[in-house]
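Asks: Give me a 3D structure for the following:
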Amino acid sequence: MTIIVFLVDTSGSMNQRAFVNGKKTLLDISKEAVEVFVKQRQKSAESRGDRYMLLTFDEFPRNIKAGWKENLATFMTELKNLEAAGMTTMGSALKAVFDTLNINRMQSGIDMYGQGRYPYYLEPAVIVVVTDGGKLTTLNTVQRELNLPMTAGAVGGMSGVPGAEMTREPFRWDQRLYA
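Replies: Numbers count the residues shown, from 1 in each chain. Purely as a prediction, here's the structure:
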């Protein structure tokens, strides 16, 4: 069983028209790409246990459009309803994805702080980031490089994630990020 998380850039720059035909926005093309990916993945026999999550660059908790408990129909509906507004807060958005995955693992009993991890219950997570690659921004400034906030109370991250004080990074060894 694999968790596939789509982190879709919903910043204002995604409203610009694409160079291909000038009719669709970058967000429209991003939504179509995610939809095609999911439909193609569903055709594969290996995808039976896959779970899909949809997160955006919005602030928590509005950034979670389809969590681990929603079905595929809800995922597709939320995907179609995405709108572009706001800033490209990549670091905070990635931190929110890692926090959401870690909470999912704790609630499902895969990660137990102080008791260890159960490798035979392994749920690999794949994070697919769909963005226009515009400037990285925060509430205060424009950044030249990606900075992943490490503190639990960072803007965009969830404050008070259980066990966050026991780990150094928000990501785990079995999580992969594709951008």
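Asks: List the buried residues for the helix or strand hosting Phe98?
Replies: Phe98 belongs to helix 90-108 when assigned by DSSP states H and E. Using 16 or more other CB atoms under 10 Å as the test for burial, helix 90-108 gives 90-105. All C-beta spots, glycine's among them, are computed from the backbone N, C-alpha and C.
Asks: quick one: the helices in this protein?
Replies: Remark: helices assigned in the chain by DSSP state H are 26-42, 72-80, 90-108.
Asks: rank these by pLDDT, which is bottom?
Replies: Per-segment mean pLDDT for the helices of the chain reaches its minimum on helix 90-108, at a mean of 79.
Asks: could you turn that helix into CSV, dropping everything but the C-alphas?
Replies: Extracted in CSV, the C-alpha atoms of helix 90-108 (Å, rounded to 0.1, in the frame of the first residue of the first chain):
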residue,chain,number,x,y,z
MET,A,90,7.1,25.8,-0.8
GLY,A,91,9.0,25.1,2.4
SER,A,92,5.9,25.5,4.7
ALA,A,93,3.8,23.5,2.3
LEU,A,94,6.3,20.6,2.3
LYS,A,95,6.5,20.8,6.1
ALA,A,96,2.7,20.5,6.3
VAL,A,97,2.8,17.4,4.0
PHE,A,98,5.4,15.7,6.2
ASP,A,99,3.5,16.6,9.3
THR,A,100,0.3,15.2,7.8
LEU,A,101,2.0,12.0,6.9
ASN,A,102,3.6,11.6,10.3
ILE,A,103,0.2,12.1,12.0
ASN,A,104,-1.3,9.5,9.7
ARG,A,105,1.4,7.0,10.7
MET,A,106,1.0,7.7,14.4
GLN,A,107,-2.8,7.2,14.2
SER,A,108,-2.5,4.0,12.2
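Asks: pLDDT weak spots in this structure?
Replies: Scanning the chain for pLDDT under 70 picks out 20-22, 109-121, 134-179.
Asks: quick one, strands of it?
Replies: 3-8, 51-56, 64-66, 111-112, 116-117, 125-130, 136-137, 142-143, 175-178 (DSSP state E).
Asks: What pairs with the second one, parallel or antiparallel?
Replies: Read it as strand 51-56. Each strand that pairs with strand 51-56, with its direction, by DSSP bridges: strand 3-8 (parallel), strand 64-66 (antiparallel).
Asks: Mind putting these into JSON lines with distance to Met53 and mean neighbour count?
Replies: Formatted as JSON lines, these follow (distance: least, CB to CB, whole Å; neighbours: other CB atoms under 10 Å):
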{"stretch": "strand 3-8", "distance to Met53": "4", "mean neighbour count": "23"}
{"stretch": "strand 64-66", "distance to Met53": "6", "mean neighbour count": "21"}
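Asks: Quick one: closest of these to Gly49.
Replies: strand 3-8 (9.7 Å; CB to CB).
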